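Engineer: With the input below, show me the fold.
(chains A and B)
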Amino acid sequence: MGANIYKNKKLIWVFLLPAFLFMLVYLYYPFVQNILNSFRHIKYMGTAGGDWNSPWYINYTKLWADPKMRIALKNTGITIAATILGQVGIALLLSLLVSNIKAGSGFFRTVYFFPIVISATALGLLFNLVFLYDKGMVNQFLQFAGYLDRESNELIDWKSKHAMFTMLMPVIWQYVGFYFVILLTGLSGIPSELYEAATIDGGSKWQQVRFITLPLLRNSIGTCVILAVTGALKVFDLPWTMFVNGMSNTWLTGTYMYSKVYSDVDYASAIAVVIVLIGVILSALVNRIFRQNDDYQV
Amino acid sequence: MKKKMMLVLAAITAVSAAYAVPAMAEGVTLNVTTTYAGEDGNAQNYKDSVAAWEAESGNKVEDSSATSDEAFKSRIVTDFEAGSEPDVLFFFNGVDSNQFVEQGKVVSVDEIREVYPDYASNMKDDLLGASPVDGVNYSVPVNGYWEGMFVNKEVLEAAGVELPTADTTWDEFLAACEAIKEAGYTPIAASLQEIPHYWFEYAIYNFQSPETHNTVPESVDDEYGKAWVDGLNDIKALYEAGYFPENTLTATDAETFQLFTGDKAAFLIDGSWKIGGIAEAVDDIENFTVVNVPGKGDRKTTDEIGGLSMGYYITRKAWDDEEKRDAAVSFVSFMTSDEVVSKFAGVSATALKEGAAPDTSEFNPLQVDAIAYTASFTGISPAVQDNLSAAAREPIFADMASIVNGDVDAADAVAAVLEANAE
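Structural biologist: Predicted structure coming up:
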């Protein structure tokens, strides 16, 4: 056998085939079918597509005129911005701080990564209690601190008055650790000699970050931003658990699509197609901005 | 090493074979799906009854019951589409069943009676719950439901308000709500964002009568359409008056229920199935009662919502399978017998000719009050929402917040419902 294994290309196909078939059946076929479904009339969830819609593109014109879809797109835009700044930004800050400490970095890695392993639904339920109107943790704390009047049981309806903040805060919090680990791995790949040379040349800590760390982390940050953008477009479970049915106009593209799945199946398919399209366009855009640059390879 | 590996493989093969070979023919295995699961008050009764039928018949039940929600309904539709429907199904008899009835995938009661003349003979045929598709009976109901106004007596006493009676008018009810609010309590425990259904039914019922309530309007301008708009505007008025919880547009049903059981809210409109939940949630069940929902117009305060919205279906697949046919008929007959129905019914209505005979000796005070409540009915109508598809319900139920805060006009919401229902 020996080196022959590399010459026999058929074997490669044998190993690739199962994964390819799996992707074909569970990803590409449903994806194409979903596009077709968005043009057909589907009476019940789970039933096969019936006649073509009249006109066939009606779901897409409906999307254009749908005020809830506009809200969902606007909120998703806010979510994307919040995840880039909040998740990737905070993760970058934390990773820079942790990479600069010698003792205890393992502890912080675990602590920051921990929320990732908790299910989003469980976190949603947890934050429901945190922001609960009556006897919720935040409102109790604010009463205790004197910000809210305890005598008259003054309370803040977080899910109404500060809905987007209440929804996005847990979403951002959960995924900071994920990007933190990616960025920390990127930081560990930067040779320490560069920092030593900068220190000898009299470079301050900030200058080291500005002129060494950030340029060399460019590819890692680009990966994080792409993941954050596509993740924000799909985010569903935690917002749905906390803000079922888009209450207080908190629709996101993911939650709005799900809400339509049981009542207007083909319309939900059209929303899914739009989510994919936006995801592809934004990913290409981010890729262009953070194009792999060999100048910054280490 | 090889020997050990062979032994392991042999053991796996033996175990697999044991599972692969069907059990020796001791009886038939029926696939059954019901909604007697999760928090349903009859979940345990169902398990007990299934066990009793299995012991009596020697057959087995492969149960896939689940809590009734939109995902469950969707699963049933998908199962019928994929040809993997259960043999026996306990499901809604309204528009939710239209798809499999239209496709002829369930067997009518009349067809079953041609072979089994005694099938459902203990039931009143006109109460079985005919299909909206063709008016034919396909399902056999167990226990019905009613909707009423549960009252926290302690809150009323603290606010100096009298307990509503069968003669309480809508205006008197509003006055009571105002007094309760003035006393620092929440008059009505309801989550308009999650469960606005009960208030929708009674609010529009107030502009109709038991004879007309179960009619879906043809247009927003006809008699029924106007009643719906007026009813929704009444809910808006209650919201604007501050009679619902302050966070009614963001609270869950569980949160508002807690207000009620925690002596912070006075009234709760809900179904007969809520009695068990209240009894479990409170220490002093005597502090709670159920009364008629105050009415106005042609609707008397004693005209209520109720009916038999679900029943047991035998699927065509099971009926055409000679091995399963007998077992399916036997199972449904057992589960809808006078004895089992009486056990399930508690304080709710049934379609039994002889009437239910529940064991009242173990009833708690709320259940005793419920018996008196049901005895006061002068008229009863099914919930009209059962005539609407999921898509049609959405503009009102998912958008109640927009209606009460004025973002969406009630007439526009009703028009959207009727448009979706016509599709």
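Engineer: if I pick residue B:300, what's in contact with it?
Structural biologist: Residues near residue B:300 by C-beta atoms under 8 Å, 6 or more residues apart in numbering or on different chains: B:378, B:379. No exception for glycine: its C-beta is placed from N, CA and C like everyone else's.
Engineer: Got phi/psi on it?
Structural biologist: phi -70, psi 160 (degrees, to the nearest 10).
Engineer: what's the spacing between it and chain A?
Structural biologist: For residue B:300, the distance to chain A equals 34 Å [C-beta to the nearest C-beta, to the nearest Å].
Engineer: How about the stretch 1-150 of chain B: which residue is closest to chain A?
Structural biologist: residue B:78 (2.9 Å; C-beta to the nearest C-beta).
Engineer: Need the three-state assignment for that residue.
Structural biologist: helix (DSSP: H, G, I helix; E, B strand; the rest coil).
Engineer: What about the residue of the stretch 1-150 of chain A at minimum distance from chain B, how many residues nearby?
Structural biologist: Nearest residue of the stretch 1-150 of chain A to chain B: residue A:46, at 2.9 Å (C-beta to the nearest C-beta). When neighbours are defined as other C-beta atoms under 10 Å in any protein chain shown, residue A:46 has 19 of them.
Engineer: likewise residue B:160?
Structural biologist: There are 11 residues near residue B:160, going by other C-beta under 10 Å.
Engineer: roughly how far apart are the residue nearest to it when sequence neighbours are not counted and residue B:279?
Structural biologist: Using C-beta to C-beta, 6 or more residues apart in numbering or on different chains and skipping the chain neighbours, the partner closest in space to residue B:160 is residue B:179 (6.6 Å). The spacing between residue B:179 and residue B:279, counted by C-beta to C-beta, to the nearest Å, is 28 Å.
Engineer: now do residue B:341
Structural biologist: Applying C-beta to C-beta to residue B:341 and residue B:279 gives a distance of 21 Å.
Engineer: neighbour-wise, which of those two wins?
Structural biologist: residue B:341 (24 against 16).
Engineer: Quick check: what element follows the helix or strand encompassing residue B:260 along the chain?
Structural biologist: Per DSSP states H and E: residue B:260 is located in helix B:253-261. On the C-terminal side of helix B:253-261, the closest following helix or strand by DSSP H and E is strand B:265-271.
Engineer: can you give me the offset of that following strand from its chain's centre?
Structural biologist: With C-alpha atoms, centre = their mean, to the nearest Å as the basis, strand B:265-271 stands 16 Å off its chain's centre.
Engineer: what's the answer for stretch B:287-302, then?
Structural biologist: 20 Å.
Engineer: just stretch A:187-195 next, same as before
Structural biologist: Centre to centre, stretch against its chain (C-alpha atoms, centre = their mean), the figure for stretch A:187-195 is 29 Å.
Engineer: ok, and the closest non-adjacent residue to the residue of the stretch 1-150 of chain A closest to chain B?
Structural biologist: residue B:78 is the one closest to residue A:46 (C-beta to C-beta, 6+ apart), at 2.9 Å.
Engineer: got the residues of the stretch 251-400 of chain B near chain A?
Structural biologist: B:251, B:252, B:255, B:259, B:264, B:389, B:390, B:391, B:393, B:394, B:398 (C-beta under 8 Å from any C-beta of the partner chain).
Engineer: my read: the fourth one touches residue B:247, true?
Structural biologist: No - counting by C-beta atoms under 8 Å, residue B:259 stays clear of residue B:247, with 9.8 Å between them.
Engineer: can I assume residue B:314 sits in a helix?
Structural biologist: No - residue state for residue B:314 (three-state DSSP) corresponds to strand; a helix is not indicated.
Engineer: so it touches residue B:332, yeah?
Structural biologist: Yes - counting by C-beta under 8 Å, residue B:314 does reach residue B:332; the two are 6.2 Å apart.
Engineer: Overlap in contacts, the two.
Structural biologist: Contacts common to residue B:314 and residue B:332, judged by C-beta under 8 Å, 6+ apart, are residue B:88.
Engineer: which residues does residue A:116 contact?
Structural biologist: A:174, A:175, A:177, A:178.
Engineer: quick check, nearest of those residues to chain B?
Structural biologist: The nearest one, if we look at those relative to chain B and count by C-beta to the nearest C-beta, is residue A:174, at 21.2 Å.
Engineer: can you give me the angle the host helix or strand of the residue nearest to residue B:160 makes with strand B:265-271?
Structural biologist: Taking DSSP H and E as the criterion, residue B:179 maps to helix B:170-182. Relative orientation of helix B:170-182 versus strand B:265-271 (axes from the mean of the first three to the mean of the last three C-alpha atoms, to 10 degrees): 130 degrees.
Engineer: Quick check: closest non-adjacent residue to residue A:208.
Structural biologist: residue A:198 (5.0 Å).
Engineer: give the contact list for the one you found.
Structural biologist: Residue A:198 neighbours (C-beta under 8 Å, 6+ apart): A:207, A:208, A:211, A:212.
Engineer: Alright, that wraps it up for me.
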